[in-house]
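Asker: I need the structure of the sequence given here:
(one chain, ligands or ions: 1)
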Amino acid sequence: MKVLVTGGLGFIGSALVRLILDESNDEVLNIDKCTYAAMPEALEGKELSQNYNFQQVDIADYEKIYQAIKQFKPNKIFHLAAESHVDNSIENPSSFIETNIIGTFNILQSIKELKDDLPNDFVMIHVSTDEVFGTLSFEENPFNEESPYLPNSPYSASKASSDLLVRSWHETYGIKAVITNCSNNYGPWQNPEKLIPKIIFNALQGNDIPIYGTGENIRDWLHVSDHVAALLSVGETNEIFSRYVIGGNQEMSNINLTKMICNYLDKVESKSSSYFNQVKFTEDRLGHDLRYAIDASCISDKLGFKPAYKLSQGIEDTVDWYLKNKSWVEMKAKTKR
Ligand code: NAD
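Answerer: Down below sits the predicted model:
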């Protein structure tokens with residue numbers, strides 16, 4: 001089996017590449033532009049595997065991605081390459097349009113042009129986010145596969161646009177594809193621009209721990225290892241088009257999540273006062289979604305998906321990982337976009 005992963009040097013993509021190389025004999029081609037978010041160190045040692053290939057390619061460059069797909073002839077493409085941070089999309093949306101929309105278009109168009117050259121079992125797994133569905137009130141039912149698209153940030157709008165392109169390339173050109181919409185991931189190797197590593201990093205540095213608004217915003221959290229395991233089972237699908245929402249069924253407000261992290265840090269890296277005293281509420285993010293939640297019963301019923309991690313255990317393991325890898329986090333926090 002030949003598996004092409006886009007964005008395989010990112011947080012989730014690198015976890016997926018590690019899992020494929022560790023658990024199968026599949027040959028992997030990792031395509032990544034190597035932006036500020038890329039972490040070759042997350043694949044240290046894997047480059048020695050004869051099943052691992054890497055090409056530095058910008059998916060916004062049609063000719064390059066077309067040639068990569070043409071030469072590799074993958075059975076599967078897991079498409080994860082993206083600009084992925086909401087705050088960056090608010091400050092500077094243009095790279096989100098280039099990578100998330102034009103990049104996805106280039107991949108779809110290459111697949112369409114190369115349809116007769118690709119294996120019969122070819123499938124594209126388009127990795128997207130629950131943020132495309134917009135926001136929920138505290139009382140509303142969680143998102144599911146039927147939820148309407150109502151994106152609120154430039155990031156979620158760009159991901160929603162890419163999902164719609166995938167759907168239409170299936171409807172119009174018969175490309176076999178699955179869209180996944182997952183909730184917030186956490187775990188090792190996540191860039192400290194994202195909430196959980198940002199809390200840990202600032203806590204350990206003795207900095208303010210910035211929390212938007214009042215911290216009441218709720219997210220559903222899924223450990224990255226559970227997400228990539230779900231992606232592999234989605235990749236086994238025989239359906240010609242489908243969508244799965246993926247989540248951990250573990251909703252928590254940002255402030256309670258911060259408390260959970262600080263309480264654990266107080267235990268394992270204690271100091272004279274609690275880390276939680278470093279919390280500083282800041283002006284709310286523009287267009288800040290109040291709540292995301294996922295009803296994962298479809299993927300659970302059809303594919304037997306069940307997250308292995310409980311949030312409390314996952315947070316402890318993640319904090320332990322960041323404590324062991326402090327110098328990496330410090331280096332990554334300094335990397336400019
Ligand atoms: P990330 O920012 O950690 O990694 C993205 C990777 O894509 C980086 O290695 C980067 O170099 C690469 N990349 C960026 N632009 C590129 C381009 N033009 N061409 C080729 N490579 C490019 O992101 P992540 O958190 O690993 O997210 C991966 C995917 O999963 C994204 O599509 C994201 O929307 C989706 N997702 C993320 C989460 C989450 O909580 N992190 C949740 C649901 C879905």
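Asker: use CA for all of it now, contacts and neighbours both
Answerer: Noted.
Asker: State the number of residues packed around residue 315.
Answerer: 20 (other C-alpha atoms under 10 Å).
Asker: Tell me the secondary structure at it.
Answerer: helix (DSSP: H, G, I helix; E, B strand; the rest coil).
Asker: Check the spacing between it and residue 329 real quick.
Answerer: Residue 315 is 16 Å from residue 329, where distance means C-alpha to C-alpha, to the nearest Å.
Asker: Also residue 123?
Answerer: For residue 123, the distance to residue 329 under the criterion C-alpha to C-alpha works out to 35 Å.
Asker: out of the two, which sits in the more crowded spot?
Answerer: residue 123 (26 against 21).
Asker: Who does that one form a beta bridge with?
Answerer: Under DSSP bridges, the beta-bridge partners of residue 123 are residue 76.
Asker: Tell me if I'm right that it and residue 76 touch.
Answerer: Yes - in this structure residue 123 lies within contact range of residue 76 using C-alpha atoms under 8 Å: 5.0 Å.
Asker: and this protein, which of its residues are near the ligand?
Answerer: Taking C-alpha under 6 Å from any ligand atom as the measure of proximity, the chain contacts the ligand at 7-13, 32-35, 37-38, 57-60, 80-84, 99, 127-129, 182-185.
Asker: Just the ones of the residues you listed in strands?
Answerer: Helix and strand membership here follows DSSP state E; of the residues of the chain next to the ligand, those in strands are 32, 127-129, 182, 184-185.
Asker: which residues of the protein fall in helices?
Answerer: Secondary structure of the chain, counting by DSSP state H: helices at 11-23, 62-72, 86-91, 94-96, 104-113, 154-173, 195-205, 224-234, 254-268, 297-303, 311-324, 326-334.
Asker: Now do the buried residues in the fifth one.
Answerer: By neighbour count, with 16 or more other C-alpha atoms under 10 Å as the criterion, the buried positions of helix 104-113 are 104-112.
Asker: swap in the longest one?
Answerer: Along helix 154-173, these residues count as buried under the neighbour rule (16+ other C-alpha under 10 Å): 154-163, 165-167, 169-170.
Asker: How much space separates residue 73 from residue 168?
Answerer: The value you get for residue 73 to residue 168, if C-alpha to C-alpha is used, is 22 Å.
Asker: again but with residue 236, I slipped
Answerer: If you measure residue 236 against residue 168 using C-alpha to C-alpha, the figure is 22 Å.
Asker: What separates the first and last residues of stretch 180-194, distance-wise?
Answerer: When the termini of stretch 180-194 are compared using C-alpha to C-alpha, they are 21 Å apart.
Asker: Sorry, wrong one. I was asking about stretch 108-117.
Answerer: Between where stretch 108-117 begins and where it ends, there is a gap of 14 Å, by C-alpha to C-alpha.
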